[in-house]
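Trainee: Next come a sequence and a model predicted from it.
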Amino acid sequence: MRTKQTALITVRGLADLIQALHHRGYAVIGPTRRDGAIVYDRVDSVGELPAGWTDEHGPGHYRLRRRDDDALFGYVVGPNSWKQQLHPPRRRLWRARRSDGKVEIAPQRDESPPLAFIGVRSCDLHAIDIQDRVFAAPEHRDEDYRARREQAFIVAVNCTEARQSCFCASMGTGPRADGGHDLALTELIDADRHDFLVEVGSERGQALLGEIAAPDASEADHELARRLGKRALSQMGRGLDTEGLKERLQGNPEHPRWAEIASRCLACANCTMVCPTCFCTSVHDSTDLDGQHAERWLRWDSCFNPEHAYVHGGSLRPSTRARYRQWLTHKLAHWIDQFGVSGCVGCGRCISWCPAGIDVTEEAAAIRNVTVDRSTTP
Ligand code: SF4
Ligand code: SF4
């Protein structure tokens, strides 16, 4: 077996790579176009990737439009993230059945095949790392998540373009994959060529690449990949100044901006649903009418739902002001105390999918720039 660290593959080579993953028993999940968006779903062939489509992003704005080339990864992010796969929105935890006066409880086992992800952006690699800290840490491990995560094979795609909503560079999470992947692709496309520079990130990735007919990449290929990475950096539409931000947010619970945001925020929870790091859940029990069967389900929840903070007779956060403040300060400040990193990877999804066009970078900057004396606020 060859032990190359980089190679150049064609679109045909990418098809071979997907086939090789299928032969190893993986269910391959990648980008595909559906309902006017690019979503992550089962892809059985290269033909299902969104060739020739790109995305426009802005506050409260997302549209697909045609590209003037056939790029397969010529978009940035869609409304899905990989948390749909690793931390599904709805999952049965157990079933109970009454029989002969006894109750038997059967925990749900995940029997789905191992997953291979194609097209994971650097911001989303960092988001997966953040969710690992939540779900796979020994002191509060979710075994279901851990099993899916350990088996997952990850093919990253380095960003060669960025959008107005992107700010991964300021969060130190992109645009180039810097770990957590098995293979990383950079799409090299112009009038004369359509290739992928492949870089190895793990032994598993190296073994898979060894099965595919692929010549070595040249220095010119690497140089082009570097140039495209710089282009993505230069197109980044936003930034978040994180220096001292944690202290500023934690020290400003009475800032008037919280009320001002609340006058625009619909508390719709979109931002938490599209965010690749948000992880809140609730559990729901159900029984059938004859009382013989019961089930417990885990579902995504959101800190924007008043019921999420309901504790014995009332909600801890009864106003939109309190709920937005909880979301932003948890994401950008308390998360660092809990997990050692910011909860934001700068993917920009919460900006594009906020129906009110609320921009997390703008709101954080407004809070950080003025400290309000708590003793003088009502
Ligand atoms: S807070 Fe917004 S920009 Fe940050 S990771 Fe979540 S969705 Fe992406
Ligand atoms: S910030 Fe935007 S997306 Fe989030 S709850 Fe408010 S209106 Fe909805």
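Mentor: Perfect, thanks for sending it. Ligands and ions are numbered 1, 2, ... in the order given.

Trainee: Which helix or strand contains the nearest residue to Arg257 once chain neighbours are set aside?
Mentor: Nearest residue to Arg257, sequence neighbours excluded (CB to CB, 6 or more residues apart in numbering): Ala366, at 4.8 Å. Just so you know, the C-beta spots here come from the backbone N, C-alpha and C atoms, and that holds for glycine as well. When elements are assigned from DSSP states H and E, Ala366 belongs to helix 360-369.

Trainee: What helices and strands are in contact with that helix?
Mentor: Counting contacts by 3 or more CB pairs under 8 Å, 6 or more residues apart in numbering; DSSP states H and E, helix 360-369 packs against helix 245-250, helix 256-262, helix 320-329, helix 349-352.

Trainee: Take those helices and write them to JSON lines, including mean neighbour count and mean pLDDT.
Mentor: JSON lines is the format used below for these (neighbours: other CB atoms under 10 Å; pLDDT from 0 to 100):
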{"stretch": "helix 245-250", "mean neighbour count": "17", "mean pLDDT": "96"}
{"stretch": "helix 256-262", "mean neighbour count": "17", "mean pLDDT": "97"}
{"stretch": "helix 320-329", "mean neighbour count": "21", "mean pLDDT": "98"}
{"stretch": "helix 349-352", "mean neighbour count": "26", "mean pLDDT": "98"}
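
Trainee: Give me the below-cutoff pLDDT ranges for the protein.
Mentor: 1-3, 371-378 (pLDDT under 70).

Trainee: and it, which of its residues are near ligand 1?
Mentor: 274-277, 331, 344-350, 360 (CB under 6 Å from any ligand atom).

Trainee: What remains of those residues if I keep only buried residues?
Mentor: Buried members of those, counted by 16 or more other CB atoms under 10 Å: 274-277, 331, 344-350, 360.

Trainee: Can you give me the separation between Ala106 and Glu295?
Mentor: Taking CB to CB, to the nearest Å as the measure, Ala106 falls 10 Å from Glu295.

Trainee: now for the helix or strand containing Asp55, which elements pack on it?
Mentor: Assigned by DSSP H and E, Asp55 belongs to strand 53-58. If you count contacts as 3+ CB pairs under 8 Å, 6+ apart, strand 53-58 packs onto strand 61-66, helix 349-352.

Trainee: can you rerun that using 6 Å?
Mentor: Strand 53-58 is packed against strand 61-66, with contacts defined by 3 or more CB pairs under 6 Å, 6 or more residues apart in numbering; DSSP states H and E.

Trainee: Tell me which residues of the strand it packs on come out buried.
Mentor: Using 16+ other CB under 10 Å as the test for burial, strand 61-66 gives 62, 64.

Trainee: partner strands of that strand, parallel or antiparallel?
Mentor: Strand 61-66 sits in its sheet next to strand 53-58 (antiparallel), going by DSSP bridges.

Trainee: The residue nearest to Arg257 and Trp258 touch, don't they?
Mentor: No. With contact defined as CB atoms under 6 Å, Ala366 does not count as touching Trp258 (9.9 Å).

Trainee: Spit out the contact partners of the residue of the stretch 151-300 of the chain found nearest ligand 1.
Mentor: Residue of the stretch 151-300 of the chain nearest ligand 1, by CB to the nearest ligand atom: Cys275 (3.3 Å). With contacts taken as CB atoms under 6 Å, 6 or more residues apart in numbering, Cys275 has the following neighbours: Cys350.

Trainee: and with 7 Å instead?
Mentor: Cys275 makes contact with 349-350, according to CB atoms under 7 Å, 6 or more residues apart in numbering.

Trainee: Could you measure from the residue in the stretch 51-200 of the chain that ligand 2 sits nearest to over to Ser165?
Mentor: As assessed by CB to the nearest ligand atom, ligand 2 sits closest to Gly60 within the stretch 51-200 of the chain, at 8.2 Å. Per CB to CB, Gly60 is found 10 Å from Ser165.

Trainee: ok, back up a step: do the strand holding Asp55 and ligand 2 meet?
Mentor: No. Judged by CB under 6 Å from any ligand atom, strand 53-58 makes no contact with ligand 2; its nearest approach is 13.8 Å.
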